[in-house]
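K.L.:
Provided below for reference: sequence and predicted model.
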Amino acid sequence: QVQLQESGPGLVKPSQTLSLTCTVSGGSITTSYYYWSWIRQPPGKGLEWMGAITSSGNTYYRPSLESRTSISRDTSKNQFTLQLSSVTPEDTAVYYCARTRRRQTTDYDYRGQGTQVTVSS
């Protein structure tokens, strides 16, 4: 059973960088054919795929967020990380990390429980 757990600050000030880490257990992030994705859900809105890193380390981003988003990984810790720069209150959301089989999808095999991030001064 693959388990994912998000960690990071729950409150970020406007213009700062949001940084979240996903720790994966029960499976390796280097296993072929999977995408390790970040998905968010703003209040009152649907799920939004933000980006992903593949088992080989390639990254893909939602076009509207690409200029502000960076996803990286630490294979020694079996973790991958999201950084979203220049945040605004519109970036307030529940953020999830997930294992998906395609990019640009919110359909997942496994997902973390989610972490609330609020952007406010």
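P.N.:
Cool, the structure landed.
K.L.:
the strands in this protein, which residues?
P.N.:
Along the chain, counting by DSSP state E, strands occupy 3-7, 11-12, 18-25, 35-41, 48-54, 59-61, 69-74, 79-84, 93-100, 110-111, 115-119.
K.L.:
So which residue is dead centre in the chain?
P.N.:
Among the residues of the chain, the one closest to the centroid is Trp38, at 2.4 Å (CA atoms, centre = their mean).
K.L.:
Now do the same contact list for Val24.
P.N.:
When contacts are counted by CB atoms under 8 Å, 6 or more residues apart in numbering, Val24 touches 2-4, 36, 78-80, 99. C-beta coordinates here come from the backbone N, C-alpha and C atoms, glycine included.
K.L.:
what does Thr23 give?
P.N.:
If you count contacts by CB under 8 Å, 6+ apart, Thr23 has them with 4-5, 7, 77-79.
K.L.:
could the contacts of Val24 be laid out in JSON lines, adding distance to Pro43 and neighbour count?
P.N.:
Output for those, formatted as JSON lines (distance: CB to CB, whole Å; neighbours: other CB atoms under 10 Å):
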{"residue": "Val2", "distance to Pro43": "28", "neighbour count": "15"}
{"residue": "Gln3", "distance to Pro43": "26", "neighbour count": "13"}
{"residue": "Leu4", "distance to Pro43": "22", "neighbour count": "23"}
{"residue": "Trp36", "distance to Pro43": "25", "neighbour count": "24"}
{"residue": "Asn78", "distance to Pro43": "31", "neighbour count": "16"}
{"residue": "Gln79", "distance to Pro43": "27", "neighbour count": "19"}
{"residue": "Phe80", "distance to Pro43": "25", "neighbour count": "25"}
{"residue": "Arg99", "distance to Pro43": "25", "neighbour count": "21"}
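K.L.:
Can you pull out the residues in contact with stretch 57-64?
P.N.:
Identification of contacts with stretch 57-64 by CB under 8 Å, 6+ apart yields 35, 48-54, 69-73, 103-104.
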